[in-house]
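Chemist: sequence first, then the predicted structure, then my questions.
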Amino acid sequence: MLRHIPNFITIFRVLAAPIVAVLLCQPHGTELTAFILALYCLAAISDFFDGWLARKLQVVSALGRMLDPIADKLLVAGCIIALAATRDDGSWFLLPALMIIMREFLVAGLREFLADTKLVVPVSLLAKWKTAVQLIAIAVLIGAPLAQDASTIGIVGLSLFWLSAIMTVKTGYDYFKAAMPYLK
């Protein structure tokens, strides 16, 4: 039974993603905001624990390797879409949101195209940091209304979101650069 726990954690993240996104789009007060933030943080933190536990128990599976990045993207994209629908920052939020989501589609398409080439581009340290900064930025943006100085925390969240978008573009470029010989 222990060997299935990492995949169960990943599946939890897949299931939590639409719940968080839908709740973000609903009118909500302090209590629901705190619940949304807690659920989101639990899902975001599970990204670390599923992989760590799989390696620790030596039960890394093909399902886990496939599902883990999908779960990450569902959580991030779902929250980005929900935040874009409910925030009033206009282009200040929409531009980095588009950069992040479009990069994910482009890289997923490139991976599909390269599947037959046996090219494996390992996840870089920058890509891991990119994911961490994205997850933190979204948590700050979700939780900003709970803060004493919500506008300052919102600016911090938006700044982190921009940083994550820049990191996202850089890691996407790195992936395309590594794949370039196979695209010619």
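Modeler: Cool, the structure landed. Numbers count the residues shown, from 1 in each chain.
Chemist: now do the host helix or strand of Ser46: which elements does it pack against?
Modeler: Per DSSP states H and E, Ser46 falls inside helix 30-56. Packing partners of helix 30-56 (3 or more CB pairs under 8 Å, 6 or more residues apart in numbering; DSSP states H and E): helix 5-25, helix 62-86, helix 125-143. (Glycine included, C-beta is placed from N, CA and C.)
Chemist: with mean neighbour count, mean pLDDT and distance to Ser159 added, can I get the ones you listed in CSV?
Modeler: Formatted as CSV, those follow (neighbours: other CB atoms under 10 Å; pLDDT from 0 to 100; distance: least, CB to CB, whole Å):
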stretch, mean neighbour count, mean pLDDT, distance to Ser159
helix 5-25, 18, 96, 20
helix 62-86, 18, 93, 15
helix 125-143, 19, 96, 8
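Chemist: export these to JSON lines and tack on distance to Ala150?
Modeler: Putting the helices and strands packed on helix 30-56 into JSON lines (distance: least, CB to CB, whole Å) gives the following:
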{"stretch": "helix 5-25", "distance to Ala150": "16"}
{"stretch": "helix 62-86", "distance to Ala150": "14"}
{"stretch": "helix 125-143", "distance to Ala150": "9"}
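Chemist: out of those, which is closest to Asp149?
Modeler: helix 125-143 (12.3 Å; CB to CB).
Chemist: before we move on, the earlier item: to Leu32, which of the helices and strands packed on helix 30-56 lies closest?
Modeler: Closest among these, using CB to CB: helix 5-25, at 6.8 Å.
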